[in-house]
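whatever this is, show me its structure:
(2 chains)
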Amino acid sequence: MEHVDELIAAHALHALDPEDERAVEAHLAECERCRVQLREMQSVSAAIALSAPAAEPPAELRDRVMASIGPAVVSTAQHEEQPAGRRWSWWPRFSAVAVPVLAVAVLALAVWNVSLRNGQGSQDIAAVTSVGNVGSLVSYQSGDATLVGNLRPAPANHTYEAWVIPSGQSVPLAAGTFAGGDGISFTLTKHASPGDTIVITLEPGSGGPSPKGPAVAKTVLPA
Amino acid sequence: MTDRTPRRDPITEHLSDHGLLALVARGDRDAFARLYDLYAAPAYSLALRVVRDRDLAADVVQDAFLAIWNQASKFDSSRGQPSTWILTVTHHKAVDTVRREERRRAEAIDEARETPDASAPVEDQAWQGVAREQVRAAMSKLPDPHREVLELAYFAGYTQSQLAERLAVPIGTVKSRTFAAMNALRELLAASGMHPEQEWNTSTS
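Model prediction:
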């Protein structure tokens, strides 16, 4: 097929005329190289979406979308291939129970691993504090503090930076940078004491001595 | 944050997009709600830019997320990012709508007001804002004819033959210009540190 690369670029923009679209679809079905090419081009076209002016979806849309997928245990078109009545007798309970248990287990393991690595026993832990939507901060009697959890990886040319604001003060002290991702285990480069505030920000470049970017999470160590 | 801030689920909020989609494929509504909270704003912004009507844009987003719910079990996680898939599905539905409604010919682009996305979690707001600036910077560096074909094709829903007519150039020129524009944009995104083979929302680390 001629000019298939050209047509794949237009296909990723959903801009092919019907005849070309059928030809490209037929070609893609049997050409792995062109399927890879299409995935790359689709990631470029999805990036174009971000250049649209940011608009806020109406609040009721969330309710409409959730209602459109049907009640929790009723399947419509989604599971036609599933024998009726079998899947739904146990899957919903699995998701409701097993996942929270798994999440707690993951956190417990992370705390345990961090304790081992820091050469401190779990009896030295002063507190495990929830840090917004990131995970938890494990603070030790020694003043060490380790952030465990997950954060969307920092975008290109940006980094996450941790800050300690000592209790009763207002100036944040830089406490190290990290890239984010799944399974963060980051020990702050500053000691933290009970009553101190810990803030995580998203900083441009490689971070700096004072915060410039938006805060993504914040917690106060229990006094 | 306002009272419209969605309820945060303590379990799903720590999962990656791939993890969320795997749960959605098993019929997990909490994971689906979280995926909606993450991507409703960019999906709605895209739909509104294409269909130029708030009610139609909401319908497009609803259709797109219903398709995502129904087809999540068929998503092959080795073949791309959930965010690309969600925006691609949304884009197809928006363009199909506009072709059906024949509404796209409005020439003046009434810029939607930039509203901070109060419904997205704060780290996602920060994150999407940075990605948006990088894409806009890359788009602004494209030669005008390149940016023109991308915007007319992607946002206005012109097919290649309609573009040839509109721009009064041969269809072959439209095809080669579209190809060149997409590759130029990919290069510019890569130069700004976004790896197009990965995703607009992953790091280069």
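
let's verify the residue of chain B found nearest chain A: helix, strand, or coil?
Closest approach between chain B and chain A, counting by CB to the nearest CB: residue B:193, at 2.8 Å. The way it works is simple: take the backbone N, C-alpha and C, and place the C-beta from them, glycine included. Judged by DSSP: H, G, I helix; E, B strand; the rest coil, the three-state class of residue B:193 is coil.

and it, what pLDDT?
For residue B:193, the pLDDT comes out at 71.

so how many other residues sit close to it?
Taking other CB atoms under 10 Å in any protein chain shown as the neighbour definition, residue B:193 ends up with a count of 13.

once you drop chain neighbours, what's closest to the residue in chain A positioned nearest to chain B?
When you check chain A against chain B by CB to the nearest CB, the closest residue turns out to be residue A:156, at 2.8 Å. Leaving out its chain neighbours, the residue that sits closest to residue A:156 by CB to CB, 6 or more residues apart in numbering or on different chains is residue B:193, at 2.8 Å.

ok, that neighbour - contacts?
The contact partners of residue B:193, taken as CB atoms under 8 Å, 6 or more residues apart in numbering or on different chains, are A:155-157, B:134, B:204.

top of those residues by neighbour count?
Neighbours here are counted as other CB under 10 Å. On that basis the top member of the contacts of residue B:193 is residue A:155, with 25 neighbours.

how is that one assigned, secondary-structure-wise?
The three-state label for residue A:155, taken from three-state DSSP, comes out as coil.

that one and residue B:133 touch, don't they?
No - the pair residue A:155 and residue B:133 fails to qualify as a contact (CB atoms under 8 Å) at a distance of 9.7 Å.

which residues in chain A form helices?
Under the criterion DSSP state H, chain A carries helices at the ranges A:4-12, A:18-29, A:32-49, A:59-68, A:87-117.

the second one and chain B in contact?
Yes - looking at helix A:18-29 against chain B by CB under 8 Å from any CB of the partner chain, the contacts come from residue A:20.

can you list the helices and strands that that helix packs against?
Helix A:18-29 makes packing contacts with helix A:4-12, helix A:32-49 when contacts are defined by 3 or more CB pairs under 8 Å, 6 or more residues apart in numbering or on different chains; DSSP states H and E.

could you do the fourth one as well?
The contact analysis (3+ CB pairs under 8 Å, 6+ apart) places helix A:59-68 against helix B:29-51, helix B:54-71.

so of these, which one's packed in deepest?
Per-stretch averages of neighbours, counted by mean count of other CB atoms under 10 Å in any protein chain shown, single out helix B:29-51 among the helices and strands packed on helix A:59-68, with a mean of 25.

which strands or helices does that helix pack on?
Contact partners of helix B:29-51 among helices and strands, from 3+ CB pairs under 8 Å, 6+ apart: helix A:32-49, helix A:59-68, helix B:17-25, helix B:54-71, helix B:82-101, helix B:122-141.

can you dump the C-alpha atoms of that helix in PDB for me?
Once non-C-alpha atoms are left out, helix B:29-51 reads as follows in PDB (Å, rounded to 0.1, in the frame of the first residue of the first chain):
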ATOM      1  CA  ARG B  29     -17.300   1.400  39.800                       C
ATOM      2  CA  ASP B  30     -15.000   3.100  42.200                       C
ATOM      3  CA  ALA B  31     -12.000   2.700  39.800                       C
ATOM      4  CA  PHE B  32     -14.200   4.000  37.000                       C
ATOM      5  CA  ALA B  33     -15.200   7.000  39.000                       C
ATOM      6  CA  ARG B  34     -11.600   7.800  39.700                       C
ATOM      7  CA  LEU B  35     -10.700   7.500  36.100                       C
ATOM      8  CA  TYR B  36     -13.500   9.900  35.300                       C
ATOM      9  CA  ASP B  37     -12.300  12.400  37.900                       C
ATOM     10  CA  LEU B  38      -8.800  12.200  36.400                       C
ATOM     11  CA  TYR B  39      -9.800  12.600  32.700                       C
ATOM     12  CA  ALA B  40     -13.200  14.300  32.600                       C
ATOM     13  CA  ALA B  41     -11.700  17.800  32.400                       C
ATOM     14  CA  PRO B  42      -9.300  17.200  29.500                       C
ATOM     15  CA  ALA B  43     -11.900  15.100  27.700                       C
ATOM     16  CA  TYR B  44     -14.600  17.700  28.200                       C
ATOM     17  CA  SER B  45     -12.300  20.500  27.100                       C
ATOM     18  CA  LEU B  46     -11.400  18.600  24.000                       C
ATOM     19  CA  ALA B  47     -15.100  17.800  23.200                       C
ATOM     20  CA  LEU B  48     -16.100  21.400  23.800                       C
ATOM     21  CA  ARG B  49     -13.400  22.600  21.500                       C
ATOM     22  CA  VAL B  50     -14.600  20.300  18.700                       C
ATOM     23  CA  VAL B  51     -18.400  20.600  19.000                       C
END
